[in-house]
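1. Predicted model follows, preceded by the sequence.
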Amino acid sequence: MRRAVVLLAVLCVCDGLKFGQLCSGNSDNSRRISDRWGQGHYGARRVNREHKGLDIVCNDGSIVYAPFDATLHGNVIVYTDTSKAAINNGINLRANGLCFKLFYVQPDRTSGSVRKGERLGIMLPMQSVYPGITSHVHVQMCDRSDPTKYF
Ligand code: ZN
């Protein structure tokens with residue numbers, strides 16, 4: 001009985017991961033709703049696929065913060081299309097057994113550990129590739145499941 005209680009407590013810590021502020025100027029992690037390029041929620045329709053992440057508003061050039069204590073696991077190549085080179089970067093983060101990708105961020109570094117609120121890097125110039133879009137960090141789980149519950 002005692003063992004069961006301890007196990008439950010551990011599970012609750014894992015489930016409790018919540019994103020802190022991701023981007024300077026967006027203290028409540030406001031989401032991209034809708035613009036001429038599409039919608040920002042998980043599962044939104046794209047031309048020939050589904051949007052597999054959640055978009056958090058972040059103006060070009062803003063500071064991007066670690067949303068939780070995490071370890072860094074290399075950068076992310078988002079596109080093979082060279083016309084999008086200006087925003088083709090990101091960072092892999094792991095915490096609490098979960099694996100996340102943040103797209104469109106120029107990371108300061110790509111290994112080691114970070115504390116919640118520590119600077120991760122800079123939001124890339126999304127307007128130069130998608131004029132008129134709501135500039136945003138794209139948050140994607142490594143297994144492409146829905147990250148919304150962590151906000
Ligand atoms: Zn997205």
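-> Done, it's in. Residues are numbered from 1 along each chain as shown.

2. helix or strand right after the helix or strand of the chain with the lowest mean pLDDT?
-> Every helix and strand in the chain was compared by mean pLDDT, DSSP states H and E; the lowest is helix 2-15, with a mean of 55. From helix 2-15 onward toward the C-terminus, using DSSP states H and E, the following helix or strand is strand 34-35.

3. how about whichever helix or strand comes after that following strand, does it reach the ion?
-> Remark: after strand 34-35, the chain's next helix or strand is strand 38-39, criterion DSSP H and E. No - with C-beta under 5 Å from the ion as the criterion, the ion is not reached by strand 38-39; the gap is at least 8.4 Å. (C-beta placed from N, C-alpha, C; glycine too.)

4. Indicate each strand paired with strand 38-39 and its parallel or antiparallel sense.
-> Strand 38-39 pairs in its sheet with strand 34-35 (antiparallel), by DSSP bridges.

5. Give me the residues contacting the strand it pairs with.
-> Contacts with strand 34-35, where a contact means C-beta atoms under 8 Å, 6 or more residues apart in numbering, come from 40, 132-134.

6. So which of the residues you listed is the closest to residue 63?
-> residue 134 (17.9 Å; C-beta to C-beta).

7. Look at the closest one and give its secondary structure.
-> In three-state terms, and counting by DSSP: H, G, I helix; E, B strand; the rest coil, residue 134 is coil.

8. for the one 3 residues further on, same thing?
-> Under three-state DSSP, the three-state class of residue 137 is strand.

9. was I right about it contacting residue 123?
-> Yes - between residue 137 and residue 123 there is a contact at 6.7 Å, judged by C-beta atoms under 8 Å.

10. and the residue in the chain that the ion sits nearest to, what does it touch?
-> Nearest residue of the chain to the ion: residue 138, at 3.4 Å (C-beta to the ion). Residues in contact with residue 138 (C-beta under 8 Å, 6+ apart) are 53-55, 78, 90, 101-104.

11. The same query, at a cut-off of 10 Å, please.
-> With contact taken as C-beta atoms under 10 Å, 6 or more residues apart in numbering, residue 138 is in contact with 32, 40, 51-56, 58, 76, 78, 87, 90, 101-105, 126, 147.

12. Having no further points to raise, I will conclude here.
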